Structures are given as C-alpha cells and as structure tokens.
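Participant: return atomic coordinates for the entry below.
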Amino acid sequence: MGAAVKDFELKTLKSQLNPHFIFNALNSIRALVDEDPQSAQNAITKLSNIFTLFAQDGKKRTVSLDEEMQTVNDYLALEKMRLEERIKYNISIDTSSLKIEIPPMMIQTLVRME
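Facilitator: Model (predicted):
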C-alpha cells in the first residue's frame, strides 16, 4: 500500500505541473527568440530538462538530491525569466548531501510560486 500511495502522490504532483507554467514558459521563450536568441535557447534546454524528467514517468524510483536540484534550478530559472526581479530565492545545500537518493519531485513540492 505504501508504494501505491507514493505512486499516486507522484502522479498527482506531475499533473500539478501547472499548464500555466508551461504556457508562461513558452510565451517567455517566444518573447526572447528575436531579442536574445541565446537566452531563448538556454530556456528551451531548461524546459526540455523538466520534460525529460516527466517522460521517465516513474521509471526511476529515486534520484540523487543533486539531480533533483538541477530540475528545481531549471524550474526556478524559467520562472525568473518570466518574473524577473519579482522572484527572489536562496538555495543552500551541504554538498555532502548531494548523493542522497530521494523520490523524484520531492523537492519540487517545496517550491511554490505565490
């Protein structure tokens, strides 16, 4: 029962990757294509990294904290592109903990845009 609950929670979380986030990210990228093509390319890469995680669809039961934080950083970078100075955050992680294995999207649940 515990594994089924975790699978349900993960699927619920994935469904909560708000379609508005995707819409907003794509619109922000579209705005950058002419004015800053390099930033647009970087943003597309970050969005692709996030989609790659979802494409794995539960194939990975755990990821390293380092891998999870790369996804969180990509997400925050895309939001920063859109919100600019209205978003501020600080991430502080003991490097010795980066190899710890956690369920995918565990940290992402702590990131909320208000």
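
Participant: show me where pLDDT drops low in the chain?
Facilitator: 1-18, 56-58, 109, 112-114 (pLDDT under 70).

Participant: try it again at 50.
Facilitator: Counting by pLDDT under 50, the chain contains low-confidence ranges at 1.

Participant: quick one: the strands in the chain?
Facilitator: 63-64, 101-102 (DSSP state E).

Participant: take those strands and write them to CSV, including mean neighbour count and distance to Arg86.
Facilitator: (C-beta placed from N, C-alpha, C; glycine too.) Below are the strands of the chain laid out as CSV (neighbours: other C-beta atoms under 10 Å; distance: least, C-beta to C-beta, whole Å):
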stretch, mean neighbour count, distance to Arg86
strand 63-64, 18, 29
strand 101-102, 13, 29
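
Participant: so which of the ones you listed gets nearest Pro37?
Facilitator: Pro37 lies closest, by C-beta to C-beta, to one member of the strands of the chain: strand 63-64, at 31.3 Å.

Participant: what's in contact with the closest one?
Facilitator: 98-104 (C-beta atoms under 8 Å, 6 or more residues apart in numbering).

Participant: swap in stretch 23-37?
Facilitator: 39-40, 43-44, 47, 78, 81-82.

Participant: which ones among those residues map onto helices?
Facilitator: 39-40, 43-44, 47, 78, 81-82 (DSSP state H).

Participant: farthest pair in the residues you listed?
Facilitator: So, the ones in helices among the contacts of stretch 23-37 by C-beta to C-beta: farthest apart are Ile44 and Arg82, at 14.2 Å.

Participant: any idea how far Leu53 is from Lys88?
Facilitator: 25 Å (C-beta to C-beta, to the nearest Å).

Participant: same thing with Asn73?
Facilitator: For Asn73 relative to Lys88 (C-beta to C-beta), the value is 15 Å.

Participant: quick one: which of the two has more around it?
Facilitator: Set Asn73 next to Lys88 and count neighbours by other C-beta atoms under 10 Å: Asn73 wins out with 14 against 7.

Participant: ok so, going back, now tabulate the strands of the chain in JSON lines and tack on distance to Ile22.
Facilitator: Converted to JSON lines, these look like this (distance: least, C-beta to C-beta, whole Å):
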{"stretch": "strand 63-64", "distance to Ile22": "21"}
{"stretch": "strand 101-102", "distance to Ile22": "24"}
